[in-house]
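Chemist: coords please:
(chains A and B)
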Amino acid sequence: MRPVNDELERALIAVMSSDRVHDMLRRALNSDAALDVIDDFFDSGLFDRFAERLLESDALWHLIDEIAASPAVTAAISGQGLSFADQLGGELRSRSRRADVRLERIARRLSGRDGR
Amino acid sequence: MDGDPPPPASDYVGLITRAIALAVDGAVINIVALVVEGAAALAIALFHLPKDVRTVLIVIGGVGYVLWTIGYFVGFWSTTGQTPGARVMQIKLVSRSRKGIGPRRALVRCVGMVLAALPLFLGYVLIVFDRRCRGLQDRFAGTLVIEAEQQSIAAEARERRRNVAAAAAAQGRSLAEEPGLTRQ
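Modeler: Down below sits the predicted model:
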């Protein structure tokens, strides 16, 4: 049985990696028929039914709760908030320093004193 | 001045940066005071107190607010040299010899801040004209406000997380190296 499986696997790999098969697939995906299939799929209401059932599923909401409360997600959210605050603080600092330099220049001019 | 070592030329902090730091501190002080006062007012509203007692409580609240404000500045200046506002703006309060200041000098500077504000904030305007950016309060207490470049709070948090992850990874590795725990 094993040699048969190996042969089958080799044949499948050969088919999948063939340029001809790739061309055929590309042509099929670019054809109007492919677009019709997608339209038919959505018109059939199958997807709506799937989405409805998915949203009714308790398991989905449980999964979402688990993901939302996961340390990775909470760390990412808090990291994002801190990065924003960091960016804001950095911008505020550089602007205030520039304003200080300008103000000091004006003061120097007014008092006729040399630079620091 | 007074035989102190001449500090580096460019690390004194100007009026606008210091004003923003002070505004941040003002916001922190007032938000905390508002929350506490609100909670106290709600609690007191449950009792029907005579007018005189209410007046006394208002006075106590006012004194508490002043003490809280003084304590805030004196506490931060005499421990880290940085109030939260100064931390945000990355500036620091030091003595003329560039060392930390004690509570007494911090208290003197607090008084100096009030004095500087009295003549239409002219005491603060001195910062712009002084070579070392000293306001009246700094001359009064013998202090300087200097740049204190440091890691931002976000960068510190990131580094902490990285260290925790590295420690966890190292722990995992050391557990895996235990002879009894390796997979056969």
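Chemist: what's around residue B:61, how many residues?
Modeler: By the measure other C-beta atoms under 10 Å in any protein chain shown, the count of residues near residue B:61 is 16. Glycine gets a C-beta too; all of them are placed from N, C-alpha and C.
Chemist: repeat that for residue A:94.
Modeler: With other C-beta under 10 Å as criterion, residue A:94 counts 10.
Chemist: now do residue B:115
Modeler: With other C-beta under 10 Å as criterion, residue B:115 counts 13.
Chemist: what's the answer for the one 4 residues further on, then?
Modeler: Residues near residue B:119, counting by other C-beta under 10 Å, number 11.
Chemist: what secondary structure does it sit in?
Modeler: coil (DSSP: H, G, I helix; E, B strand; the rest coil).
Chemist: so what's it up against?
Modeler: With contacts defined as C-beta atoms under 8 Å, 6 or more residues apart in numbering or on different chains, residue B:119 has no neighbours.
Chemist: would you list every one of the helices in chain A?
Modeler: A:2-16, A:19-30, A:32-43, A:46-56, A:58-68, A:71-111 (DSSP state H).
Chemist: I'd like to know which elements the longest one is packed against.
Modeler: It stands for helix A:71-111. helix B:15-45, helix B:84-89, helix B:122-129, helix B:153-177 (3 or more C-beta pairs under 8 Å, 6 or more residues apart in numbering or on different chains; DSSP states H and E).
Chemist: returning to that earlier point: out of the helices of chain A, which is the most enclosed?
Modeler: helix A:71-111 (a mean of 13; mean count of other C-beta atoms under 10 Å in any protein chain shown).
Chemist: which regions of chain B lie under the pLDDT threshold?
Modeler: Applying pLDDT under 70 to chain B flags the ranges B:1-10, B:151-154, B:173-184.
Chemist: count the neighbours of the residue of it found nearest chain A for me.
Modeler: Closest to chain A within chain B is residue B:14: 2.9 Å, counting by C-beta to the nearest C-beta. The number of residues packed near residue B:14 is 21, by other C-beta under 10 Å.
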